[in-house]
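[1] One predicted model, sequence on top.
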Amino acid sequence: MLKEAEIRTFIEGTTRYFEVSAQQSASVGSPYLVTDGNPGAYDYTGIIGISGARKGIVYFSAPRGMLAVLLMRMNETDTSDENIKDLVGEVANTISGNARKDFGRTFIISVPTVVSHDVEKVTAPYSKSYVIPINWRKHSAKLVVCLE
Amino acid sequence: MAERNGSQAPLKLMIVDDSNIIRRRIERSQQIARLEVVGAASNGREAVELFRRTQPDVVTMDLTMPEMDGIECVQELVALNSKVLILVVSALADKATAVEAIAKGANGFLCKPFTDRQLNDALHELLLEA
């Protein structure tokens, strides 16, 4: 289970990502707990495996439209599928890596795995996950934290 | 740097990151006239090979990468050329990782996400080290 302060770490990492990379704030909704092992996903999902002192996954999932606009806000004109997948993995990597500021270096993150167009393949390793809803411009996305 | 390359001589920059978006972003955003990008690599192993071929003066280095991670790559590059200037650009925000990267031979640390200004400030600071 995550402590409230730990959830706040991921919320701060998410808001920082949009403020700095897109230079446009995202609003983060109230985190909620999913207990059926199926926190859900959008078209594109970047998954980071967590090992070391904590075990599990962190993933960022978003629709293509949101990711394409995010790329353009970063002055990237190439919105090909390859770059969309690259971006969703990079967002997950950045938010997870930033969490080490509070979790410390024993919070070991993997390189991202990206799942696209196949939401059934996005599964949580444990029954309980925290979902942090993200709203940016007119798009919705989510950060899912599932730690042992 | 002036002593090493002549006054205001161009400096060769190599970009290392497993994200194509970040590689392109660093190339596009860096505004230092002296820096000329000579290549980009997507993991540490590729970076070592490219380093041998292009002999860059300055390297931006991600840490979390497949094949060979950034810390190991920093060590290999410094072993090949102890004068290379390495700016680590990573999402790993804990102080211990930054300290380790510097101890292994990196010269600066920039945490992702970053603005264009933060990138250029970090590169300017790096070049002052020479």
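    Good, I have the coordinates. Numbering: from 1, shown residues only, chains lettered A, B, ... in the order given.
[2] Skipping adjacent residues, who's closest to residue 76 in space?
    You didn't say which chain, so I picked chain A. Residue nearest to residue A:76 in three dimensions, not counting chain neighbours: residue B:21, with 5.9 Å by C-beta to C-beta, 6 or more residues apart in numbering or on different chains. The C-beta positions use only the backbone N, C-alpha and C, and glycine is treated the same way.
[3] should've been chain B
    Residue B:76's closest residue in space is residue B:48 (C-beta to C-beta, 6+ apart), at 5.1 Å.
[4] Count the neighbours of whichever residue of chain B sits closest to chain A for me.
    Relative to chain A, the nearest point of chain B is residue B:91 (2.8 Å; C-beta to the nearest C-beta). By the other C-beta atoms under 10 Å in any protein chain shown criterion, the neighbourhood of residue B:91 contains 28 residues.
[5] Go ahead and confirm it touches residue B:109.
    No. Between residue B:91 and residue B:109 there is no contact under C-beta atoms under 8 Å: 11.5 Å.
[6] Doesn't the residue nearest to residue A:76 lie inside a strand?
    No. When DSSP: H, G, I helix; E, B strand; the rest coil is applied, residue B:21 is found to be helix, with no strand at that position.
[7] What separation is there between it and residue A:8?
    Separation of residue B:21 from residue A:8 (C-beta to C-beta, to the nearest Å): 27 Å.
[8] more crowded one of the two?
    Higher neighbour count among residue B:21 and residue A:8: residue B:21, with 21 against 13, using other C-beta under 10 Å.
[9] ok, the more buried one touching residue A:83?
    Yes. Between residue B:21 and residue A:83 there is a contact at 5.9 Å, judged by C-beta under 8 Å.
[10] Quick check: neighbours shared by those two?
    Listed as contacting both residue B:21 and residue A:83 by C-beta atoms under 8 Å, 6 or more residues apart in numbering or on different chains are A:71, A:76.
[11] For residue B:78, give me its contacts.
    Neighbouring residues of residue B:78 by C-beta under 8 Å, 6+ apart: B:84, B:86, B:104, B:105.
[12] Now with 10 Å, please.
    Taking C-beta atoms under 10 Å, 6 or more residues apart in numbering or on different chains, we find residue B:78 in contact with B:59, B:84, B:86, B:104, B:105, B:106, B:107.
[13] do residue B:38 as well
    Applying C-beta under 10 Å, 6+ apart, we find residue B:38 in contact with B:10-15, B:50-51, B:53-58.
[14] what helix or strand is it on?
    strand B:35-41 (DSSP states H and E).
[15] From the chain's centre, how far out is that strand? Work that out for me.
    10 Å (C-alpha atoms, centre = their mean, to the nearest Å).
[16] Then stretch A:34-49?
    Taking mean C-alpha positions (C-alpha atoms, centre = their mean), stretch A:34-49 and its chain are 9 Å apart.
[17] For that stretch, buried residues please.
    Buried positions in stretch A:34-49, judged by neighbour count with 16 or more other C-beta atoms under 10 Å in any protein chain shown: A:34, A:39, A:41, A:42, A:43, A:44, A:45, A:46, A:47, A:48, A:49.
[18] for stretch A:73-88, same thing?
    A:74, A:76, A:79, A:83, A:84, A:85, A:86, A:87, A:88.
[19] Provide the secondary structure category for the last one.
    Taking three-state DSSP as the rule, one finds residue A:88 in the helix state.
[20] so it touches residue A:82, yeah?
    No. Using C-beta atoms under 10 Å, residue A:88 is not in contact with residue A:82, being 11.3 Å away.
[21] Show me the shaky parts of chain B.
    B:1-7, B:130 (pLDDT under 70).
[22] top of the contacts of residue B:78 by neighbour count?
    Using other C-beta under 10 Å as the neighbour criterion, residue B:59 leads the contacts of residue B:78 with 29 neighbours.
[23] and that residue, what element?
    Counting by DSSP H and E, the element that carries residue B:59 is strand B:58-61.
[24] following that strand, which helix or strand comes up?
    Downstream of strand B:58-61, the next assigned helix or strand under DSSP H and E is helix B:70-80.
[25] List the buried residues in that next one.
    By neighbour count on 16+ other C-beta under 10 Å, the buried set for helix B:70-80 is B:70, B:71, B:72, B:73, B:74, B:75, B:76, B:77, B:78.
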